[in-house]
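[1] Sequence first, then the predicted structure:
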Amino acid sequence: MWSLCPVVIAWAVHQLLVLQTGGSLMRLLGDQAYIAAVAVTAAAAAYLLLVAAPRSWICWDVGQAAAQLDELWNVGGARVLASRLNNPLLKALGISNQQLSAAGAALPGAPQLHSDPMAVAAGVAAVAGVLAASMMASCSRIARLYAHISPVPQWAEQYLAPPAIVTAVLRLALAVPLVVVLYGLKPMTAYLASGLGVANPGTFLSGPTAGAAGAVGPALLLATSLLFILAIRPLAAAHLGTGLLEWHVLRHSDTTLTGAVAAAQPTAAASASVKEVRDMVARRRLNNVYATVCQTALQLLGPATILTALVLMYGSAAGSLDHLRTPVPLLLRRAANTTAAAPAAPVPAAPSPEAASGLEGLEEAATASAVAASAAAAAAGAAAKALAAGELPPMPSLAFITFATSFLGWWCCVAIVAFTYPMLLIYRLGMHIG
């Protein structure tokens, strides 16, 4: 999953950008430079949010994330190296544990990573900007197709009107991202929780230790991805239905002759010419609708794919999917004589204090970052000792993956709201006509 999901996200982003640029990414430097401008603007906004927003507004702390990234890299690298030394094939060749331990002790230590919080924020923000820019055309397409079927013209209700359950799914698909955005803002979460009588609404980084509150974030992102998947078919059908709408408009459009031709008596040849031109335009419009149905389906599939991959990584790293895992990985079963993995060392839970504004909030954030850094250093030291002893170091903490995927999933919902809602207003008010 950790290798497949990033590849799927990269593929979806690449396909969406290729569709927006007409098949050539080089156009991002030319007539499609506004897409690159949107990516830069979204990345700058995400960076400022991660760096400058008070901890009382959002739950993502780049100071803790930098220490968590160091632990993931240092401990994870030591574990990968130890797993290579504990390969059953080496033991089958007659290499003893003492020889493997000596070889592990003789190896030079892996370079230790010491991340700069500003660099971590810049990297996550750059990915967020690319994701937002890739989803811009998809959100515009979703708004346009939803406007075609909500409401449907009276004459086309029996042909194009979706069932009530489908309409409800489409409306939920447009409303749930806004709920996700509001849940990521602590003041709005506290306000809504107080109105509902919930004592601990949790945050995206609460984790399974918070009980039901820790599952709210993964559940919201999972609901968003599922609703976008369910919305693909009715929105693709709405795209095909636009052919019927355009044919009806052309068929009943005003074909009155104007100018010098209108002064003369209309002849059968002139009327036939007008009808021929109208039919030709209708055929071309229908051909364009049918030719772009695959492009439309891919634009609808892209956001759903990105959200699904992010929520899988987020749920796995946060522990929300632990009950779905088998005791022994299906693809990594080993023989009974394989050296058993050392039990995972308890990792202290990342503190998530409700930092107040001002100096008190800064002190709490600095304390939390120092605790995370000390935990990362202790984990790296334990991994180095285990490697020297020929043992398999414990699994590193996946807190950084939880941080990155939860923020990127939330930012995708921010992009959906920012790009879709204004277009819905434009289509609802008829501002797109003319």
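    Thanks, I have it.
[2] Please, where are all the helices along the stretch 51-200 of the chain?
    62-85, 88-92, 97-106, 117-134, 136-149, 157-160, 164-183, 186-196 (DSSP state H, counting those that start in this stretch).
[3] And those: which comes nearest Arg285?
    Closest to Arg285 of the helices of the stretch 51-200 of the chain, according to Cβ to Cβ: helix 136-149, at 13.9 Å. Just so you know, the C-beta spots here come from the backbone N, C-alpha and C atoms, and that holds for glycine as well.
[4] returning to what we had before: out of the helices of the stretch 51-200 of the chain, which comes closest to Pro422?
    Comparison of these against Pro422 by Cβ to Cβ identifies helix 136-149 as nearest, at 8.3 Å.
[5] Give the other helices and strands that that closest one contacts.
    helix 4-20, helix 164-183, helix 232-251, helix 293-318, helix 399-429 (3 or more Cβ pairs under 8 Å, 6 or more residues apart in numbering; DSSP states H and E).
[6] quick one on the thing from earlier: can I get the helices of the stretch 51-200 of the chain in TSV including mean pLDDT?
    Converted to TSV, these look like this (pLDDT from 0 to 100):
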stretch	mean pLDDT
helix 62-85	80
helix 88-92	55
helix 97-106	57
helix 117-134	95
helix 136-149	91
helix 157-160	75
helix 164-183	93
helix 186-196	83
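[7] will you turn these into JSON lines that also has distance to Leu50?
    Shown next, in JSON lines, are the helices of the stretch 51-200 of the chain (distance: least, Cβ to Cβ, whole Å):
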{"stretch": "helix 62-85", "distance to Leu50": "5"}
{"stretch": "helix 88-92", "distance to Leu50": "43"}
{"stretch": "helix 97-106", "distance to Leu50": "38"}
{"stretch": "helix 117-134", "distance to Leu50": "4"}
{"stretch": "helix 136-149", "distance to Leu50": "21"}
{"stretch": "helix 157-160", "distance to Leu50": "44"}
{"stretch": "helix 164-183", "distance to Leu50": "16"}
{"stretch": "helix 186-196", "distance to Leu50": "15"}
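[8] Quick one, which of the ones you listed gets closest to Leu408.
    Distance to Leu408, taken as Cβ to Cβ, is lowest for helix 117-134 among the helices of the stretch 51-200 of the chain, at 5.9 Å.
[9] which of the residues in stretch 153-162 are buried?
    The neighbour-count check on stretch 153-162 (16 or more other Cβ atoms under 10 Å) flags 160-162 as buried.
[10] Stretch 198-217 too?
    201-208, 210, 213-217.
[11] And for stretch 280-295?
    282, 285-286, 289.
[12] Give the rounded mean pLDDT of it.
    The predicted model assigns stretch 280-295 a mean pLDDT of 78.
[13] Repeat that for stretch 421-430.
    pLDDT averaged over stretch 421-430 gives 89.
[14] which residues are in contact with that stretch?
    139-140, 143-144, 146-147, 174, 178, 432 (Cβ atoms under 8 Å, 6 or more residues apart in numbering).
[15] nearest to Asp31, of these?
    Using Cβ to Cβ, these come closest to Asp31 at Ser140, 17.4 Å.
[16] Do I have it right that the closest one meets Ile416?
    No - checked against Cβ atoms under 8 Å, the pair Ser140 and Ile416 is beyond contact range at 11.1 Å.
[17] So these two - more neighbours on which side?
    The residue with more neighbours, out of Ser140 and Ile416, is Ile416; 27 against 17, by other Cβ atoms under 10 Å.
[18] Met136 is in contact with the more buried one, correct?
    No - between Ile416 and Met136 there is no contact under Cβ under 8 Å: 10.0 Å.
[19] Could you dump the helices and strands packed on helix 136-149 into CSV and include distance to Ala46?
    Shown next, in CSV, are the helices and strands packed on helix 136-149 (distance: least, Cβ to Cβ, whole Å):
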stretch, distance to Ala46
helix 4-20, 15
helix 164-183, 13
helix 232-251, 27
helix 293-318, 15
helix 399-429, 6
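[20] Out of those, which is closest to Asn74?
    helix 399-429 (11.7 Å).
[21] what's the angle between that closest one and helix 4-20?
    Using axes from the mean of the first three to the mean of the last three Cα atoms, to 10 degrees, the inter-axis angle of helix 399-429 relative to helix 4-20 is 30 degrees.
[22] Only the buried residues of helix 399-429, if you could.
    Buried positions in helix 399-429, judged by neighbour count with 16+ other Cβ under 10 Å: 399-420, 423-424, 426-427.
[23] what's the answer for stretch 50-59, then?
    For stretch 50-59, using 16+ other Cβ under 10 Å, the buried residues are 50, 55-59.
[24] Looking at those residues, which two lie furthest apart in space?
    Leu50 and Ser56 (14.6 Å).
[25] wait, which of the contacts of stretch 421-430 is closest to Val293?
    Nearest to Val293, judged by Cβ to Cβ, of the contacts of stretch 421-430 is Arg144 at 14.3 Å.
[26] how near is the closest residue to that closest one other than its chain neighbours to Leu145?
    Spatial nearest neighbour of Arg144, chain neighbours left out: Tyr427 (6.5 Å); criterion: Cβ to Cβ, 6 or more residues apart in numbering. Note on Tyr427: its distance to Leu145, by Cβ to Cβ, to the nearest Å, is 10 Å.
[27] again with Ala128
    On the measure of Cβ to Cβ, Ala128 and Leu145 end up 26 Å apart.
[28] before we move on, what about Pro6?
    Taken as Cβ to Cβ, the span from Pro6 to Leu145 is 29 Å.
[29] which one of those two has more residues nearby?
    Under the criterion of other Cβ under 10 Å, the comparison of Pro6 against Leu145 puts Leu145 first, with 24 against 15.
[30] My guess is that one contacts Ala238. True?
    Yes - here Leu145 reaches Ala238: they are 4.3 Å apart, a contact under Cβ under 8 Å.
[31] rewinding a little: kindly reformat the contacts of stretch 421-430 as JSON lines containing distance to Gly302.
    Rendered in JSON lines, the data for these read as follows (distance: Cβ to Cβ, whole Å):
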{"residue": "Cys139", "distance to Gly302": "10"}
{"residue": "Ser140", "distance to Gly302": "13"}
{"residue": "Ala143", "distance to Gly302": "15"}
{"residue": "Arg144", "distance to Gly302": "16"}
{"residue": "Tyr146", "distance to Gly302": "17"}
{"residue": "Ala147", "distance to Gly302": "20"}
{"residue": "Leu174", "distance to Gly302": "17"}
{"residue": "Leu178", "distance to Gly302": "20"}
{"residue": "His432", "distance to Gly302": "23"}
